[in-house]
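Trainee: I need the structure of the sequence given here:
(chains A, B, C, D and E)
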Amino acid sequence: MIWHSFFFALFAALACGFALAVVLTSNVVRMAFYLVLSLSATAGLYFLAGADFVGSMQLMIYVGGTLVLLIFGVMLTAQEEFIRISTRPAEVALAAMVGLALLILLSSAAFRVPAWRGDTPAERSLALTPQTVGPIAMALLGLRVDQAPPTADSPPNDRPGYVLIFEIISVHLLVVLVGAAYLARGRIGANSLVRQDPSQPASDLDDLADADPSGSELLEASQTLDSPAETGA
Amino acid sequence: MAVTLNRALDALTGWLVGSIGDDAACGYALAAILQAGMLLNLVAISGLVFIWLERKIAGRIQDRLGPTRTGGRFGWLQTIADGLKLLCKEDLMPGKADWLLFRLAPYIGLAASLSAFLALPFSGMPHPFVAQRLDVAVFFVLAVLGLEVFSVILAGYSSASKWSLFGAMREAAQVVSYEVPLGLCAVTPVMLAGSMDLVTIGDAQQGGFWNWYLLHSPFAFITFGVYFTCATASVNRAPFDLAEAESELVGGFHTEYSGLRWSLFFLAEYGSMMLVSLLAAILFLGGWHGVLPLGLGSGGWLEALLGTGIGGYLGALLGLVLLLTKGLLLVIFMMWARWSLPRLRIDQVMTTCLKYCTPIAAVCFLGATLWQASLPNGLLLRPYNAELLRAQAAGPVATPPADVLIVDTAGGRP
Amino acid sequence: MLALPSDTLLPLLPMASLLTSPIGVAHYLVVGAVLFTAGIVCMATKRNLLGVLMGVELVLNGANINFVAIGSPYLRGDAATLGLDGQLMALFVIVLAAAEAAVALAIALNFYNTVGTIDVDRASQLRG
Amino acid sequence: MQHDPAISEQLRERFPEAVVSASPGPIDPWIEIAPERLAEVAAWLKNDPAQDYDYLNGLCVIDYFTADKKLAEAVGAARLVVVYHLSNLSRKRQLTLKVTLPRWANAASETPPTLPSLAALWATAEWHECEAYDLSGVEFTNHPHLRRILCPEDWVGHPLRKDYQMPLEYHGIRGR
Amino acid sequence: MQTSVEDPRVLEFDVRTDEMLVNMGPQHPSTHGVLRLVLRTDGEVVSEVTPHIGYLHRCAEKIGENLAVRQWIPYTDRMDYLAAMNMNLGWSLAVEKLHGYAPPERGRHLRVIIAELGRIASHLVGMGAYGLDLGSFSPFLYAFREREKILDLFEQACGARLTYSYLTPGGATADLPAGWTTRCLKMLDEFEPILPEYHTLLTSNAIFVKRTCKVGVLTADRAISYGVSGPVLRGSGVDFDLRRDGEPCYTQMYAGYDFQVIVERAGSYPATTGAPPPPPEAVLGDSWHRFYVRMLEVVQSISLVRQAIALYEAEEGLDHGQPFKLGAKLPVGETYLETEAPRGQMGFYLVSLGQPNPWRARARSSSFCNLSVIGEIGRGCLIADIPAIVGSLDIVMGEIDR
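Mentor: Numbers count the residues shown, from 1 in each chain, chains lettered A, B, ... in the order given. A predicted model of the protein is given here:
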């Protein structure tokens, strides 16, 4: 058990430490990097808890997919003035107080339940890893092979699995991805890409880019520019 | 292997320290260090060999000799000499770079490349040479391999160079896209073996090349082709090496790197090349089993001759050699492609992935499934051994013998 | 390795059982709570839209740790089942988080295209 | 590729005051055009279906100026001559036009002489006119982007002028 | 409220990124020397290409005004240093045109041999470097292997391997050494069967076709307007080659030779053994066609060298043409002559006031005009297309900057 404790301490420290780093840093690229480390450490915690499949999925989908997407987004928008956007100190102080209170509440709640304290640990061998892939797959198909049947002679497949949720989530994912692809498409006045004739004056967008980015006129200019429906109607 | 090694080491340390801990803590620590060291050496040495091999192959393809001076007439020591040179080079960092990310990025890539080897078996039952046998080994390897992209993205971003940024953007788009068909292709052997455990998958293909999943069905054959294409793309090898396209982006993501950090990127790249090749060998090419039934495994002539102990280990060792040979051949194929083909354009790379590889992989998966279902004993709908699973999950009550794991979920194939 | 003088000093500290008692569900829950709180604070304080998104990811991961921990047979000391419900829930959360991230990112990019900034405090109007 | 023997007569007929002189030449014949009429002559040569000089091989500037008394007679009056080499690819015809300009529009302030740009007729002219401006100091009006193309932007002087002196120093680099 | 957008200046796009100005060069692997291209990019899409040249400017024309015509020959070497023989030839012919001189027959055939070998060597570099631009390293070394053999031949003829100063006003500095033609024919016999391998590696390679077809399309009209020449012009389908259509004093060099201008006529190229047909996706005037024209010209030049060697050996006299006296005064007059160099029409303009050195020596560079199209055909392509386009133009900075 000593290794379990040791690795738990290690991964927990990494996960919590980098989660705090995400909160504390103001550089958005660093934030994304710390988040990667935090979530990877979380995957380690899953492995420790015997959830190999979830751990792998965390690494593959969350860290390898979602966070890459996130960093992609950061890089697309990471202009000088947006990399560091600082928050007002008062807000920070308020958030820290609320957060601390929430943390104490949740932690104390966690230790209220005696069964959760880990006083009666199940023994396990480090050499063997749990075989959860098959049961999870069967559960997603509606078969719960992992639970003991209520009676000895009842067939194993009359208990509800997760087939409905699985279907819903699959359809949901499809719809969401199509929607996201549609949403990400933007519309904008002619930028220099379509400006074939170099002598033609630069479009509004270029003026926009040249303008002082912190000015409020930028916001208004971009809003008028990007509502073609109004100008067309 | 871990358990056997652990027992031996625990006895050794116990003898040295004078008492045997009930937790076997020292043994596990030593076993872990030893195994990590072995894998590290494997990657490092194979990196050295591959770089030499790449130069030699490139030379031969281009009507040259390649390295001939350092280390005899074949230039064996050329890579070591180059490595020493790189060690001595100044570690430069652009003034505007994000120092933390810039410094860390190469290590992330190397760590990801190395970690994926943790779950990769080098031999089958009864002595699976694997650092940590996982039930989800296939996905674990692919998932950890996918983390390598962070090193490229962060290196590209933190270099404060436009070329690096372009390389990073390309890499991000490319790797995330290619993980989809790569996973789809890897699912086909998983489906055929009925397990994500690489040891099980490898052992399901024993007994000659006609049992390899490559030759299982036409669909599986095509799947292998798609897998290898996508694997080449996901480890950034030509013709998909857009992130470092030297004719367009100077050096891509590693434009600003020099010296040791620069070489770490390449160590990671060669490690990943080896990894995807070994994975391909296990998933499709029979893994550690010979082209013809050699009888090296359990119940073979080797065990009959030398006994299950030494004979078994010797057989596993020979299996390891076989697996490495297969992996090496695939790596050489990648090198051959690199020195023969022009590079694709980024939009063509994405088209290849999204319009060709992904649909083909999906169709082949379906096809292979139907093919398997139409075989006489192919259907997977056997009574599921729930009791055994429960027993196993319950822990030490029904712990099977240490080195014999349940190959229960295997599909219809022998 | 973690054998500390637990009898005398540690009970005086709050949550000292974290270090002395064997690792159980509660320890995982505390990690989950830290991630959850960090996420909440992140969402509340960050002005960068993507920072807010990262806070959401942290919150979801905190919840996920709870799911996995409560489901884990090793931690509960209950080896009768494989404890798959927690893992399955965690899987669903991961998938939904991927979907959520895709949509949120699409919104963020659209926001950026439209408004020309990524600072949420600067988007004071709902039109555009 | 031949010179059209009739072209000088046609030009004289159509633009009587534009043609300053024409030489049948011992080797290459050429026609000299008045600078102020260059644009319309060029447009006619390009667009008239009977002429159709669609290809501008290039243009260059010759500086006739010398301080050497022995050469003064051969050089003649100080002037700049801009030479245009035109071709008609389909009929394999070629034509040489010359335009004589003063060396300076205003010698005191060293204002370069001007000539209308032909870049709108032949895209070739765009870069060649830049080169002529850069090296010989002829300014082309209505040019889309007249700039120093070979020398650095902040270079002083026009190197192909006969009286050009290499600067003693350029950004700390010794010139002579 | 209408949602569709009528304004053509409003377009839909996937993800907007910020415009970025990128300096490609002057130290960049694929800008063929010290060319600097300033790219205005939107993501990977290039919205504007601005070439900046002049990094190799030596004011060779000014130097030419201060040297005797034969002394300027080494400077012409350094213009298009990959086809220095053809540069020598261009200036020599211009000087000879001023003198009204024609070299003896043996010298004429010698010049054809040398000029066409120079064309082969130059096109080989163009081919190899183009492969390199597209990320294929091996063809470069194959091309250099063959080029080395040609350079060996040049070395035997004149003693130099890059800047030859061999052809000179009046003829050549020396006759070809004994046995040279045999070695040359042997080299050609070895070289010719290798060409189909290059076609396999590049011309008909699927990735190569994908990378070059419909990339950097230059229509015939624009090509003529920009004054491009050589394979770039013929790749756009303009049937023009100075070896056939040039001035008499140049075309007479090729009198009696059997050759065809390599250009697409009525949808097909002149039949060439071993060359694959154009792929269906190729458009006339794109990068693929420019490359293809070069490949076919290599084959044609081999045939021209063979004819020239036969004629050269059949020639009775031993006079290959004696170089003009170094300090001899030039006749008064002026002349302009363009010759067909590998990269296009290299024109030399010579104004003489009767001194030994010209009053004005002007070099009209083909690459200079060829490069000027990059701003037009490079607009709207991807970053990866820029090396593909620049490589297909096959520029040499020494010639552009002079």
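Trainee: quick one: secondary structure of residue 96?
Mentor: No chain in the question, so chain A it is. Here residue A:96 is helix, with the state taken from DSSP: H, G, I helix; E, B strand; the rest coil.
Trainee: again with residue B:173
Mentor: Applying three-state DSSP: residue B:173 is helix.
Trainee: and it, how many residues sit next to it?
Mentor: When neighbours are counted by other C-beta atoms under 10 Å in any protein chain shown, residue B:173 registers 19. Using the backbone N, CA and C atoms, a C-beta is placed for each residue, glycine as well.
Trainee: What separation do you get for it and chain A?
Mentor: If you measure residue B:173 against chain A using C-beta to the nearest C-beta, to the nearest Å, the figure is 8 Å.
Trainee: my guess is that residue meets residue B:350, correct?
Mentor: Yes. Shown here, residue B:173 and residue B:350 form a contact pair, counting by C-beta atoms under 8 Å, at 6.7 Å.
Trainee: domain ranges for chain B?
Mentor: As assigned by automatic domain parsing, chain B contains the domains B:1-11+B:20-84, B:89-388.
Trainee: Now the weakest link among those, please, by mean pLDDT.
Mentor: Lowest mean pLDDT within the domains of chain B: domain B:1-11+B:20-84, at a mean of 78.
Trainee: can you pull the pLDDT of residue E:188?
Mentor: Note on residue E:188: pLDDT of 91.
Trainee: Now do the contacts for the nearest residue to it once chain neighbours are set aside.
Mentor: Sequence neighbours aside, residue E:302 is the residue nearest to residue E:188 in space, at 5.4 Å (criterion: C-beta to C-beta, 6 or more residues apart in numbering or on different chains). Applying C-beta atoms under 8 Å, 6 or more residues apart in numbering or on different chains to residue E:302 gives the contacts E:116, E:120, E:188, E:191-192.
Trainee: gap between the closest residue to residue D:93 other than its chain neighbours and residue D:170?
Mentor: Nearest residue to residue D:93 in three dimensions, chain neighbours excluded: residue D:4, at 5.0 Å (C-beta to C-beta, 6+ apart). Counting by C-beta to C-beta, to the nearest Å, the gap from residue D:4 to residue D:170 is 46 Å.
Trainee: Next: residue B:48.
Mentor: Here residue B:48 is placed at a distance of 50 Å from residue D:170 (C-beta to C-beta).
Trainee: So for those two, which residue has more residues nearby?
Mentor: residue B:48 (19 against 14).
Trainee: these two touch, right, that one and residue B:80?
Mentor: Yes. With contact defined as C-beta under 8 Å, residue B:48 counts as touching residue B:80 (6.8 Å).
Trainee: and residue 56, how many neighbours does it have?
Mentor: Defaulting to chain A. 27.
Trainee: right idea, wrong chain: chain D
Mentor: Residue D:56, neighbours per other C-beta under 10 Å, totals 26.
Trainee: before we move on, what about residue D:171?
Mentor: Residues near residue D:171, counting by other C-beta under 10 Å, number 6.
Trainee: same thing with residue E:55?
Mentor: When neighbours are counted by other C-beta under 10 Å, residue E:55 comes out with 17.
Trainee: Report the separation between it and chain D.
Mentor: Look at residue E:55 and chain D: by C-beta to the nearest C-beta, they are 9 Å apart.
Trainee: Now that residue: closest residue in space, sequence neighbours ignored.
Mentor: In space, and not counting its chain neighbours, residue E:55 is closest to residue E:34: 3.7 Å by C-beta to C-beta, 6+ apart.
Trainee: right, and residue E:338 touches residue E:344 too?
Mentor: No. Using C-beta under 8 Å, residue E:338 is not in contact with residue E:344; the gap is 9.2 Å.
Trainee: before we move on, back to that, most neighbours of all the contacts of residue E:302, which one?
Mentor: Neighbour counts for the contacts of residue E:302, by other C-beta under 10 Å, peak at residue E:116, which reaches 28 neighbours.
Trainee: mean confidence for the strand or helix carrying that residue?
Mentor: Secondary-structure assignment from DSSP states H and E places residue E:116 in helix E:105-133. Average pLDDT, helix E:105-133: 89.
Trainee: is it up against chain B anywhere?
Mentor: Yes. Using C-beta under 8 Å from any C-beta of the partner chain, helix E:105-133 comes into contact with chain B via E:131-133.
Trainee: of these, closest to residue D:53?
Mentor: residue E:133 (35.1 Å; C-beta to C-beta).
Trainee: Tell me how far stretch E:160-177 lies from the chain's centre.
Mentor: Distance of stretch E:160-177 from its chain centroid, counting by C-alpha atoms, centre = their mean, to the nearest Å, is 20 Å.
Trainee: hang on, isn't residue E:26 packed against residue E:38?
Mentor: No. Using C-beta under 8 Å, residue E:26 makes no contact with residue E:38, being 10.9 Å away.
Trainee: which residues touch residue B:163?
Mentor: Residues counted as contacts of residue B:163 (C-beta under 8 Å, 6+ apart) are B:249-252, B:255, E:22.
Trainee: Recalculate using a threshold of 10 Å.
Mentor: Residue B:163 sits next to B:156, B:244-245, B:248-256, E:22-24, E:28, E:383 when contact means C-beta atoms under 10 Å, 6 or more residues apart in numbering or on different chains.
Trainee: How about residue C:42?
Mentor: Residue C:42 touches A:19-20, A:22-24, A:31, A:35, A:95, A:99, C:51-59, counting by C-beta under 10 Å, 6+ apart.
Trainee: List the ones among the residues you listed that fall in helices.
Mentor: For those, the ones inside helices are A:19-20, A:22-24, A:31, A:35, A:95, A:99, C:51-59, with DSSP state H as the criterion.
Trainee: and the stretch 51-200 of chain B, which residues reach chain C?
Mentor: For the stretch 51-200 of chain B, the contact set with chain C under C-beta under 10 Å from any C-beta of the partner chain is empty.
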